[in-house]
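J.: quick one: sequence plus predicted model below, questions after.
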Amino acid sequence: MADRKQRTFKPRINPLESMTAAELQHRFRFDQEGIEFITDLIQNDIMPLTNRNHSVPAIVQVMVALRYYATGTIRKHQIDFFAIAGFPGVVGAIDGTHVRIIAPSEHEVEYVNRKNFHSINVQIVCDASYKILDIVTSWPGATHDARILRESGLFQLFQRRLLPVKCHLLGDSGYPGKDWLLTPFLNPQAGPQSRYNR
């Protein structure tokens, strides 16, 4: 049997070390301290579990996301959502979905959801074209959607105003109303509240 050729990877350049403070601010809209702060908030959710296949470090993932937000693409999500239903400033729709699993041998009851089957409760944020922008897959099925959001890095980004102002998510009534999370009125009055819900 022939020897397998060993894969080689180019060494990664750390942008924090290769860019000036002005370049970081221009490209990512944050300085080094801000980028590191955001990474500290969410790194437990996005950090690779191993270094296999030359996995992408948490700080690089954050910088890719910040660059994406800084390029104006986030503005396109707002335009697309506004065209659908007239909601200004919406950059994503959030919801949980249950992915059925085989009953685990440990903590089995935590995985039984409200529909009485075993699942993982997956939090997903999509743009107006149904492209996944953010996903959290680490919670058992009995966990409420609101708790998953509250414990996520996404919550920290919005709650601490680390995204551009007037950016909103749309969510169902399973989520708490926030100035950045638009949810339906539970008992809407006729007129503006009903139109908002519709």
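T.: Received the coordinates, thanks.
J.: now Arg160: closest residue in space, sequence neighbours ignored.
T.: Leu41 (7.7 Å; Cβ to Cβ, 6 or more residues apart in numbering). C-beta coordinates here come from the backbone N, C-alpha and C atoms, glycine included.
J.: burial check on the one you found, number of neighbours?
T.: Residues within reach of Leu41, counting by other Cβ atoms under 10 Å, total 19.
J.: swap in Val109?
T.: 10.
J.: so it versus Ile35, what's the distance?
T.: Val109 is 40 Å from Ile35, where distance means Cβ to Cβ, to the nearest Å.
J.: next: Leu169.
T.: 22 Å.
J.: just want to know which of the two has more residues nearby.
T.: The neighbour comparison of Leu169 against Ile35 (other Cβ under 10 Å) goes to Leu169, with 23 against 19.
J.: could you chop this structure up by domain?
T.: Using automatic domain parsing, the domains assigned to the chain come out as 15-70, 73-197.
J.: and the helices in this structure, which stretches?
T.: 15-18, 21-28, 32-46, 58-70, 73-85, 145-150, 153-159, 192-197 (DSSP state H).
J.: turn the ones you listed into CSV, columns for mean pLDDT and distance to Asn113.
T.: Formatted as CSV, those follow (pLDDT from 0 to 100; distance: least, Cβ to Cβ, whole Å):
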stretch, mean pLDDT, distance to Asn113
helix 15-18, 78, 41
helix 21-28, 83, 39
helix 32-46, 86, 21
helix 58-70, 80, 29
helix 73-85, 79, 29
helix 145-150, 94, 11
helix 153-159, 85, 21
helix 192-197, 89, 26
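J.: elements contacting the strand ranked longest in the chain?
T.: Using DSSP state E to define each element, the chain has its longest strand at strand 90-100. Strand 90-100 makes packing contacts with helix 73-85, strand 119-126, strand 132-140, helix 145-150, strand 168-170 when contacts are defined by 3 or more Cβ pairs under 8 Å, 6 or more residues apart in numbering; DSSP states H and E.
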